[in-house]
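In: Sequence and predicted structure, then a few things I'm wondering about:
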Amino acid sequence: MLAKADSVRLYKIRKVISELSNKEGRGTELVSLYIPPRKPLHEVVSYLKNEWGTAGNIKSDTTRNHVQDALTKTMQRLKLYRETPETGLVIFSGALPTNGPGSEVVRLSEIIPPKAVNTFLYMCDDHFHIEYLKDMLKEEKVYGLLSIDSSSAGLGILSGDRVEVEDVMTSGISGKTRKGGQSARRYERGREMELTYFYHRVAEHATRIFVDNHHVTGLIVGGPGPTKEDFLKGGFLHYQLQKNIIAVIDAAYSGQEGVRELVDKAADKLQDVRLFEEKKLVQRFLSEVNKPRGLAVYGLPRIIQALDRSNVDLILVVDDVDMVRITATCKNCGTVKERFAASSKKVQATQEVMSEPCAKCGSREFLVDETDLVDVLEERAIQVGAKVEVISSGTEEGNMLKSFGGVAAFLRYRPTEG
């Protein structure tokens, strides 16, 4: 399983994957490099030097220059490492257009992967080979959730920081009759047949979702009343699922609502799942922020102010906060001004920053840079000995945090008023 403490690292990897997934080169000029642990870097550099020489045979001047520039930049970056990181190293390098054909600039992304790279891979193609890195992000432990009663069933998947309802089924079975005598017995026999058919349907769907599609590590079964026990005792489930049942839980609901309820009630059984760590963090924040003098704040201005005072212990930020810091450094005197803006409005924000003369010397010449908000918060947190946790936006807790602006922090002490 991917370490809980790696939420910022995983956020950055997913961001790189997202940014590079649709990038295309003009020819086979985009370099993907996977270096396994303990692979001597001088051997890798030597290999790339040979590839640089081979690239000299490419007929297209543009493609040849782009490939050699990408390889040169990669070798320069490798020389900054004394040895290969513990899990290996992944580098993507290539000429990417900034404003249409002819505006290509060689860009490099380096990643220390969450799991060990198995083999040395070098590929020069018209796209980056990110599929191997994507596979590393897949959770090793995936849990099935089955919530059932006589009226409906819900099947869900819990993996890392995400829970997905995969299927919801209704039985179509009516309630028990109040009639007596032969009619009641015939009715009950018919109802039992319908229930057995429903159990078989649920079991087939469970096999497809939990065995064929997801290969779950374990299964949690729940629901109201005795239906869940009857279903399990009847031997309807696939034998692999039957032997991997972690818990059978009494719940108030079945179906989709029941799947969500099982997630909450199974927390003590699945303590190694990232989702529950996030739940605890957000619930702790909600508890603190609702106290008259609680040790929590939200909103970027307050958090930046608290960081300036070294009064931050932990920062929570949702993974889709999608905000950047724009910094403009005066070319004349070095004065720096900054502004935070949504990614969709960064062009407008940049123009506004550059239109204002330097407050110190009046110059209008600036060097402009932009940085992802999570990177900014991590950098500032390290300076004051604080930590950053990235919270999934696809959960109930993530949505709660988004309602507070998507960024929150726990304070070390409550600042004095006034």
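Out: Yep, it's here.
In: quick one: average pLDDT of the helix or strand hosting Lys346?
Out: Using DSSP states H and E, the element containing Lys346 is helix 346-355. The average pLDDT within helix 346-355 is 89.
In: in its sheet, what does whichever helix or strand comes after it sit against?
Out: Moving toward the C-terminus from helix 346-355, the next helix or strand (DSSP H and E) is strand 366-372. Here strand 366-372 has these sheet partners by DSSP bridges: strand 323-330 (antiparallel).
In: that older thread, strand 366-372 and the helix holding Lys346, what's the angle between them?
Out: 150 degrees (axes from the mean of the first three to the mean of the last three CA atoms, to 10 degrees).
In: what residues does helix 346-355 touch?
Out: With CB atoms under 8 Å, 6 or more residues apart in numbering as the test, helix 346-355 has contacts from Val324, Ile326, Ala328, Lys337, Arg339, Ala341, Arg364, Phe366, Val368, Glu370. C-beta: built from backbone N, CA, C; applies to glycine.
In: Make a markdown table out of those residues and add distance to Leu20, neighbour count and pLDDT.
Out: Listed next are those as a markdown table, based on distance: CB to CB, whole Å; neighbours: other CB atoms under 10 Å; pLDDT from 0 to 100:
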| residue | distance to Leu20 | neighbour count | pLDDT |
| --- | --- | --- | --- |
| Val324 | 18 | 22 | 93 |
| Ile326 | 23 | 20 | 93 |
| Ala328 | 28 | 21 | 92 |
| Lys337 | 31 | 16 | 90 |
| Arg339 | 27 | 15 | 91 |
| Ala341 | 23 | 19 | 91 |
| Arg364 | 35 | 12 | 89 |
| Phe366 | 29 | 21 | 93 |
| Val368 | 23 | 12 | 91 |
| Glu370 | 18 | 13 | 91 |
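In: which among those gets closest to His214?
Out: Set against His214, the nearest of these by CB to CB is Val324 (35.7 Å).
In: separation between the closest one and Val388?
Out: To Val388, Val324 is 16 Å away according to CB to CB, to the nearest Å.
In: for stretch 247-264, what is the average pLDDT?
Out: 93.
In: End to end on it, go ahead and measure it.
Out: Stretch 247-264 has an end-to-end distance of 13 Å (CA to CA, to the nearest Å).
In: contacts for that stretch?
Out: Residues contacting stretch 247-264 (CB under 8 Å, 6+ apart): 145, 147-149, 151-156, 158, 163, 165, 168, 170, 220-224, 227-229, 232, 265-266, 269, 275, 396.
In: May I see the buried residues of it?
Out: By 16 or more other CB atoms under 10 Å, the buried positions in stretch 247-264 come out as 249, 251, 253-263.
In: Now restrict the contacts of stretch 247-264 to buried residues only.
Out: 145, 147-149, 151-156, 158, 163, 165, 168, 220-224, 227-228, 232, 266, 275.
In: from what I can see Tyr132 touches Tyr34, true?
Out: Yes: using CB atoms under 8 Å, Tyr132 is in contact with Tyr34, at 6.2 Å.
In: Next step: the contacts of stretch 247-264 restricted to strands.
Out: 145, 147-148, 152-156, 158, 163, 165, 168, 170, 220-223 (DSSP state E).
In: before we move on, the earlier item: overlap in contacts of Tyr132 and Tyr34?
Out: Joint contacts of Tyr132 and Tyr34 (CB under 8 Å, 6+ apart) are Val117, Leu121.
In: who has more neighbours, those two?
Out: The neighbour count for Tyr132 versus Tyr34, taken as other CB atoms under 10 Å, is higher for Tyr34 (22 against 16).
In: Grab the nearest non-local neighbour of that one.
Out: Nearest non-adjacent residue to Tyr34, counting by CB to CB, 6 or more residues apart in numbering: Leu121, 4.1 Å away.
In: Tyr132 is in contact with that neighbour, correct?
Out: Yes: with contact defined as CB under 8 Å, Leu121 reaches Tyr132; the gap is 7.2 Å.
In: what residues do these two have in common as contacts?
Out: Joint contacts of Leu121 and Tyr132 (CB under 8 Å, 6+ apart) are Tyr34.
In: longest helix in the chain, by residue count?
Out: helix 181-206 (DSSP state H).
In: helices or strands up against that helix?
Out: Packed against helix 181-206 by the contact rule (3 or more CB pairs under 8 Å, 6 or more residues apart in numbering; DSSP states H and E) you find strand 142-148, strand 152-159, strand 162-170.
In: Kindly reformat the ones you listed as TSV and extend each row with distance to Lys243 and mean pLDDT.
Out: Shown next, in TSV, are the helices and strands packed on helix 181-206 (distance: least, CB to CB, whole Å; pLDDT from 0 to 100):
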stretch	distance to Lys243	mean pLDDT
strand 142-148	13	96
strand 152-159	18	95
strand 162-170	21	93
